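S.K.: could you look at this predicted model? Sequence included:
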Amino acid sequence: MDVSPDRDVWFVQRLADAQRGLYAYILQLLPSRTDADDVLQATNLVMWSKRAEFAEGSDFAAWAARIAYYEVLTFRKRKGRERLRFDDALVAQLAEEAAAESGQLDPLLQTLRLCMEKLTQPDRELLEMQYADDLRPRQIAERVGRSPGAIAVAMHRIRMALLRCIDENTQSPREDAR
């Protein structure tokens, strides 16, 4: 296929138009924005190198998504080969223990922990999926079999409950001191 300067300009325009949708697609497959950024760049490079293979009149978005999918698979395979990769939960636990041992655990963090213990197990799991696993509401909805809207409402309700609990527990020590 032709790779003339006019064709290159045409291709770059299609590539630029596809970026937002392509990034959203990659984010559905890789919940980490940093990883998605890397895969998007790799996908763009592959698409550029294969631009002569794209047949004008074909569905550019579908072609780009297919390349992105294979780049995601390549990325996951490469990540799986890393010998030492700490689990996020382990890193959080180590940081927490180090802070507790040094006696510098923030009282607000202790209050948050107390308030989180008051949540139901399903609510704690939703928080963990969003904040520890870095999943988006749509991904959480797929995991738990609920709609993304229901997840968004639940997350708002959980955050408001935590905020109320923190407010109540941070005000009570001051009242007790009187």
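M.R.: Looks like it arrived, so ask away.
S.K.: contacts only, for the residue most central in space within the chain.
M.R.: Nearest to the geometric centre of the chain sits residue 31, at 3.3 Å (CA atoms, centre = their mean). When contacts are counted by CB atoms under 8 Å, 6 or more residues apart in numbering, residue 31 touches 133-136, 139. In short, each C-beta sits where N, CA and C put it, glycine included.
S.K.: what ranges does the protein have for its helices?
M.R.: Ranges of helices within the chain are 5-29, 33-49, 60-80, 88-101, 107-118, 121-127, 137-144, 148-176, based on DSSP state H.
S.K.: can you redo those helices as TSV with mean neighbour count?
M.R.: Formatted as TSV, those follow (neighbours: other CB atoms under 10 Å):
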stretch	mean neighbour count
helix 5-29	14
helix 33-49	17
helix 60-80	15
helix 88-101	11
helix 107-118	13
helix 121-127	15
helix 137-144	17
helix 148-176	13
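S.K.: among these, which gets the worst mean confidence?
M.R.: The stretch with the lowest mean pLDDT among those is helix 88-101, at a mean of 53.
S.K.: and the gap between residue 29 and residue 48?
M.R.: Distance, residue 29 to residue 48, using CB to CB, to the nearest Å: 21 Å.
S.K.: burial count for the residue nearest to residue 10 when sequence neighbours are not counted?
M.R.: Ranked by CB to CB, 6 or more residues apart in numbering and with sequence neighbours excluded, the top spatial neighbour of residue 10 is residue 56, at 7.9 Å. Neighbour count for residue 56, taken as other CB atoms under 10 Å: 11.
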